[in-house]
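K.L.:
model this:
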Amino acid sequence: MSLTMYHASIPVFVRMLGNLSAILDKAAAHAEAKKIDPAIFVNARLAPDMYPLSRQVQIATDMVKGCAARLAGIEVPRYEDNETTFAELQARIAKTKAFLQSVSAEQIDGSEDRKITLKFGSRELNLLGQAYLLDFVLPNFHFHLTTAYAILRHNGVEIGKKDYTGDY
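P.N.:
Numbers count the residues shown, from 1 in each chain. Next comes the predicted model:
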C-alpha cells in the first residue's frame, strides 16, 4: 500500500496532538505538586523574542486544522487565540482533534496537486498540496510542538523524549 496524503497528515496530527495534550497534563500536575502558578508555564518562553507556550500550542493547532481544511477544500475553522490556562489549551487541542477526525480520507486523498495559497500580510505563498503538507505544514507543526516541549522541559517539568514521541 502506498502512503496517501490522508495517512501522511491526519493520523500524524491526531497522534502528536495527543502527545502534546499528555505533556500539558504533566505540566499542570507538576505546577500543582510544586505549588507553581500554572500561568508561569503557560506564559513561559525559551527566549525573549519567541512566543510563549500558549502561542506555540495555538500555532500548532492552527497549522494542522488549516492543513486539513485546505487539503480537503473546505473552510478553515477560526479560533479566538485567547487561551490563558492549561484547561483552555486542552480544550483547543480537543476541538482541533475533533475537527481533524471529521475530515475523511476521501476528502484529503488526491490533494497532492491542489493549489494552496497562504497569505501573510501582503505576502503570498503558493504551493501544491503535497509540498504544502510535506515542506510547510509538517516542519512548522513539529517546530511548534518541539518548542512547547522545550519550554516545559526547560522550566523543570519532568518530561522526556518518549513524552514527545509517544508510545509505538
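
K.L.:
and the gap between the residue most central in space within the chain and Cys67?
P.N.:
The centre of the chain sits closest to Ala60, judged by CA atoms, centre = their mean, with a distance of 2.6 Å. Separation of Ala60 from Cys67 (CB to CB, to the nearest Å): 11 Å. C-beta here means a position set from N, CA and C on the backbone, and glycine is covered the same way.

K.L.:
tell me, what's touching these two both at once?
P.N.:
Phe141 (CB atoms under 8 Å, 6 or more residues apart in numbering).

K.L.:
continuing past the helix or strand containing the residue nearest to the centre of the chain, what's the next helix or strand?
P.N.:
Per DSSP states H and E: Ala60 is located in helix 53-72. Remark: after helix 53-72, the chain's next helix or strand is helix 86-102, criterion DSSP H and E.

K.L.:
what distance separates the following helix or strand past that following helix from the centre of its chain?
P.N.:
Next helix or strand after helix 86-102 toward the C-terminus (DSSP H and E): helix 105-108. Relative to its chain's centre, helix 105-108 lies at 20 Å (CA atoms, centre = their mean, to the nearest Å).

K.L.:
give the next helix or strand downstream of helix 105-108.
P.N.:
strand 115-120.

K.L.:
contacts for that following strand, please.
P.N.:
Contacts for strand 115-120 (CB under 8 Å, 6+ apart): 70-71, 124-129, 132, 136.

K.L.:
could you pull out the buried residues of that strand?
P.N.:
The neighbour-count check on strand 115-120 (16 or more other CB atoms under 10 Å) flags Ile116 as buried.

K.L.:
next one: stretch 28-45
P.N.:
28, 30-31, 38, 41-42, 44-45.

K.L.:
tell me where the model's unsure across this structure.
P.N.:
1 (pLDDT under 70).

K.L.:
let's see that with 80 instead.
P.N.:
1, 168 (pLDDT under 80).

K.L.:
the residue lying farthest from the centre of it in helix, strand or coil?
P.N.:
The centre of the chain is farthest from one residue, Lys35, which by CA atoms, centre = their mean lies 27.8 Å away. Here Lys35 is coil, with the state taken from DSSP: H, G, I helix; E, B strand; the rest coil.
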